[in-house]
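Novice: Provided below are the primary sequence and the corresponding predicted coordinates.
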Amino acid sequence: MKIVCVGGGPAGLYLAILARLRSAGRDEVVVAERNAPGQASGFAVTLGEDILDELYRTDPVGAEGVRAAAHVWGDQVVEVAGETVHLGGRYGYSIGRARLLEVLTVRARQVGVDLRFGTAVAADGDLAADPLTTDADVVVAADGAGSAIRSARSDDFGTRLTHGTNRYVWFGTSKAFAAFTFAFEHTEAGWVWFHAYPAADCVSTCIVECTPQTWAGLGLDRMSADEGMRLLETIFARSLEGHSLIAPPGMGASPWLEFREVRNTSWRSGHVVLAGDAAHTTHFAIGSGTVLAVADAIVLAEELYPGGAPAPDLVAALATYDARRRAAMAPIQDMARRSMRWFETVPHRLDGAGAIDFSWSLLDRRGDQGPLHRRLHEATQIGSVRQVRRRLTLARRLHRALRRGEVDPVGVVTGCS
């Protein structure tokens, strides 16, 4: 069998790795990436326990590489005009985008994936005319939210695109945040906020967001990208503690975006399947894009090689992948949309609200917290209670790490000066 993955992001690379492993190196697996090695958009991505469990289950050797490159953040805080509220029991993992792609690329080479960087495949969507895909048994369109392959077959996939209303931009910052931090600051034009989290390379991700009214009111719609960064550094001087923002790679005249939600009524068209952002997007507020892309790859590999052997019926295998992943993604995308809508109403929620109440609303923005969680949230603002929760959270994390067989369950800790 010949599998061609169009797009060298997490979905394409991990599917290629698993296909080589599950076929015992017999099948030809190609990853075609239009960019050069090492190029990545944005800064860091977040991972959770469930996806780490899946990485160790499906490729323990590769999982160790990912885990060794990841950073553990053991706290989550909300800063409202300088007042700090703690969200207890929260922790997670983050890894630089470029570093993750590097780790996956190394692993792909180890298992014999044919990696072709600087290779644009079927830019017009005509896979039959491209010599790399014309004889492929399976083509995995993992070429991002703006997928050319999907766009060329949008009627087959039933693609639906919708947009959020807020404006946002991905920055890095030289401040090594110790905790995952939401910071909200009030300006003369309204509220502006960021979502920030650290990575092991000591460059934190900082996603700045605001309503279109505040964006225009501050003049960010008219400023150059550099002028906008300097203004935001001033607005967030308290939380950044004098550190600077870092422009995203390839930042143009205006780096500001509107979130684009991608949904498809089918992820399959003949021997072509969608994966990652080409199949679905979820708002950055739930931090699941990379996790879901890897999950797509895992399920697709399972269906292509059930029990470790090639699927006897490729059409049925791709149909089952389509059904499984769309069913799993529907509630996740609904949840992500609720989270996006919550952030679109931040100014209304902040006006007249105390920091603790507002932070509880943020914590419960997906509607998955109960009354007991509310009381625990209030108690967590007491230092002694917070320390107990941190110890329990650490114990829970170490238990999960030991259970899945991590070599170094303590993990990477902040070491930036």
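Specialist: Perfect, thanks for sending it.

Novice: burial count for the nearest residue to residue 64 once chain neighbours are set aside?
Specialist: Using C-beta to C-beta, 6 or more residues apart in numbering and skipping the chain neighbours, the partner closest in space to residue 64 is residue 407 (5.8 Å). C-beta: built from backbone N, CA, C; applies to glycine. When counting by other C-beta atoms under 10 Å, one arrives at 10 neighbours for residue 407.

Novice: isn't residue 407 right next to residue 61, touching?
Specialist: No - with contact defined as C-beta atoms under 8 Å, residue 407 does not count as touching residue 61 (10.8 Å).

Novice: so the residue nearest to residue 272 when sequence neighbours are not counted: helix, strand or coil?
Specialist: Closest residue in space to residue 272, ignoring its immediate chain neighbours: residue 139 at 4.7 Å, by C-beta to C-beta, 6+ apart. Using DSSP: H, G, I helix; E, B strand; the rest coil, the secondary structure recorded for residue 139 is strand.

Novice: what's near enough to touch residue 139?
Specialist: With contact taken as C-beta atoms under 8 Å, 6 or more residues apart in numbering, residue 139 is in contact with 3, 4, 6, 127, 133, 149, 271, 272, 273.

Novice: in strands only, show me these.
Specialist: Judged by DSSP state E, the subset of the contacts of residue 139 located in strands is 3, 4, 6, 272, 273.

Novice: ranking those by neighbours, who comes first?
Specialist: For those, neighbours tallied by other C-beta under 10 Å; top is residue 6, 31 neighbours.

Novice: can you pull the phi/psi pair for residue 204?
Specialist: Main-chain torsions, residue 204, degrees, to the nearest 10: phi -90, psi 150.

Novice: who does it bridge with?
Specialist: Per DSSP bridges, the residues bridged to residue 204 are residue 173.

Novice: residues near it, how many?
Specialist: 28.

Novice: likewise residue 143?
Specialist: Other residues near residue 143 number 30, with proximity taken as other C-beta under 10 Å.

Novice: now residue 370
Specialist: Residue 370: 9 surrounding residues under other C-beta under 10 Å.

Novice: mind checking pLDDT for it?
Specialist: Per-residue pLDDT puts residue 370 at 85.

Novice: domain ranges for the protein?
Specialist: 2-34+118-163+261-344, 72-95+165-258+351-417 (automatic domain parsing).

Novice: just those: most buried one?
Specialist: Mean neighbours per residue, mean count of other C-beta atoms under 10 Å, is largest over the domains of the chain for domain 2-34+118-163+261-344, with a mean of 20.

Novice: how long is that domain end to end?
Specialist: End-to-end distance for domain 2-34+118-163+261-344: 45 Å, by C-alpha to C-alpha, to the nearest Å.

Novice: those strands in the stretch 101-250 of the chain, which residues are they?
Specialist: 114-117, 138-141, 159-163, 167-173, 180-187, 190-197, 204-210, 245-246 (DSSP state E, counting those that start in this stretch).

Novice: in a markdown table, list those strands along with mean pLDDT and distance to residue 347.
Specialist: What follows is the strands of the stretch 101-250 of the chain, written out as a markdown table (pLDDT from 0 to 100; distance: least, C-beta to C-beta, whole Å):
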| stretch | mean pLDDT | distance to residue 347 |
| --- | --- | --- |
| strand 114-117 | 97 | 44 |
| strand 138-141 | 97 | 38 |
| strand 159-163 | 96 | 19 |
| strand 167-173 | 94 | 13 |
| strand 180-187 | 97 | 9 |
| strand 190-197 | 96 | 5 |
| strand 204-210 | 96 | 9 |
| strand 245-246 | 94 | 22 |
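
Novice: can you lay out those strands as JSON lines showing distance to residue 387?
Specialist: Shown next, in JSON lines, are the strands of the stretch 101-250 of the chain (distance: least, C-beta to C-beta, whole Å):
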{"stretch": "strand 114-117", "distance to residue 387": "47"}
{"stretch": "strand 138-141", "distance to residue 387": "47"}
{"stretch": "strand 159-163", "distance to residue 387": "43"}
{"stretch": "strand 167-173", "distance to residue 387": "28"}
{"stretch": "strand 180-187", "distance to residue 387": "18"}
{"stretch": "strand 190-197", "distance to residue 387": "22"}
{"stretch": "strand 204-210", "distance to residue 387": "24"}
{"stretch": "strand 245-246", "distance to residue 387": "32"}
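
Novice: now do the helices in the stretch 51-200 of the chain.
Specialist: 60-69, 97-110, 148-152, 154-157 (DSSP state H, counting those that start in this stretch).

Novice: about what we covered before: need the residues touching each of residue 407 and residue 61.
Specialist: In contact with both residue 407 and residue 61: no residue, using C-beta under 8 Å, 6+ apart.

Novice: check contacts around the nearest residue to residue 404 once chain neighbours are set aside.
Specialist: Leaving out its chain neighbours, the residue that sits closest to residue 404 by C-beta to C-beta, 6+ apart is residue 56, at 4.3 Å. Residue 56 sits next to 63, 404, 405, 406 when contact means C-beta under 8 Å, 6+ apart.

Novice: can you check residue 262 too?
Specialist: By C-beta under 8 Å, 6+ apart, the residues touching residue 262 are 145, 159, 160, 161, 277, 278, 279, 280, 281.

Novice: redo that, cut-off 10 Å
Specialist: Contact analysis of residue 262 by C-beta atoms under 10 Å, 6 or more residues apart in numbering lists 144-147, 150, 157, 159-162, 274, 277-282, 333.

Novice: what's the answer for residue 329, then?
Specialist: By C-beta under 10 Å, 6+ apart, the residues touching residue 329 are 263, 264, 267, 279, 280, 282, 292, 295, 296, 336.

Novice: now those as TSV including pLDDT and distance to residue 209?
Specialist: Below are the contacts of residue 329 laid out as TSV (pLDDT from 0 to 100; distance: C-beta to C-beta, whole Å):
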residue	pLDDT	distance to residue 209
263	97	22
264	97	26
267	98	29
279	98	25
280	98	21
282	96	15
292	97	21
295	98	26
296	98	26
336	95	15
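
Novice: identify the farthest-apart pair in the residues you listed.
Specialist: With C-beta to C-beta as the measure, no two of the contacts of residue 329 lie farther apart than 267 and 336, at 17.4 Å.

Novice: so how far is residue 53 from the residue nearest the centre of the chain?
Specialist: Centrality entry for the chain: nearest residue to the mean C-alpha point is residue 289, 3.2 Å, by C-alpha atoms, centre = their mean. Separation of residue 289 from residue 53 (C-beta to C-beta, to the nearest Å): 19 Å.

Novice: now residue 219: phi and psi?
Specialist: The phi/psi pair for residue 219 (degrees, to the nearest 10) reads phi 80, psi 10.
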